[in-house]
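only the shape, not the letters, is given here:
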């Protein structure tokens, strides 16, 4: 999936000459936490976040409140030259950028101009949609040997039981590099028959660990 498919295209922006007060007001009104800062030429020169503002705005319990900070230009408190992405980048690549750099948003730039933005919340929502976690169903965790064709073998169990698979995630087995952990979501609220058939087929079901099914 490409970033252009999930990015927010209607992006509120400010200039370096706007003030802390302007940013606070805009975030409050739009209920956002990240605002790209554009130069007069329309290029991204910074980003202002709620974290930036918390570092400079006096606490409500502070004994000394310096109100002049609200008139400070964003150029003085913004994160300069932020990391940016491209609309044709893959969402997975963006997720790695968020993880590696511990950032909360990524301005999306094409031909030097801002065309969108994605946030960590956007990625979370997309993850939920892709894994089917928001749909009714059950989740299974199965330990399998890390060999070619194993996913096909597991999928035959679901096919034979006429069960739809919503998503499959593959994780390394921390205890044994020769294995993988499959996290499978299905559109069935009662996975007991599936668990039984998986075990009959020689697969180790880690979750749910149902009492009474030990084949």
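It's in. Keep in mind that this is a model prediction, so the values were computed, not measured.

the protein: strands as residue ranges?
For the chain, applying DSSP state E gives strands covering 34-38, 44-49, 79-80, 105-110, 113-119, 138-145, 165-172, 179-186, 204-207.

out of these, nearest to residue 192?
strand 138-145 (9.6 Å; C-beta to C-beta). All C-beta spots, glycine's among them, are computed from the backbone N, C-alpha and C.

deepest of the strands of the chain, which one?
Per residue and on average, the most neighbours among the strands of the chain fall to strand 34-38, with a mean of 24 (mean count of other C-beta atoms under 10 Å).

and the closest residue to residue 120 other than its chain neighbours, how far from residue 97?
Leaving out its chain neighbours, the residue that sits closest to residue 120 by C-beta to C-beta, 6 or more residues apart in numbering is residue 104, at 5.2 Å. According to C-beta to C-beta, to the nearest Å, residue 104 and residue 97 sit 12 Å apart.

same thing with residue 165?
29 Å.

now residue 42
For residue 42, the distance to residue 97 - C-beta to C-beta - is 23 Å.

those two: which has the busier surroundings?
Shown here are residue 42 and residue 97; by other C-beta atoms under 10 Å, residue 97 has more neighbours (14 against 10).

now do the same contact list for that one.
Residues in contact with residue 97 (C-beta atoms under 8 Å, 6 or more residues apart in numbering) are 83, 85, 103, 106.

go on, residue 186?
137-140, 158, 163-166, 194 are the contacts of residue 186 under C-beta under 8 Å, 6+ apart.

excluding its backbone neighbours, what's nearest the residue sitting nearest the centre point of the chain?
Computing the C-alpha centroid of the chain and ranking residues by C-alpha atoms, centre = their mean puts residue 123 first, at 2.8 Å. Closest residue to residue 123 apart from its sequence neighbours, by C-beta to C-beta, 6+ apart: residue 95 at 5.6 Å.

how many neighbouring residues does that neighbour have?
Around residue 95 there are 17 residues (other C-beta under 10 Å).

quickly note the distance from it to residue 35.
Per C-beta to C-beta, residue 95 is found 22 Å from residue 35.

quick one on the thing from earlier: measure the residue nearest to residue 120 to residue 171 for me?
To residue 171, residue 104 is 25 Å away according to C-beta to C-beta.
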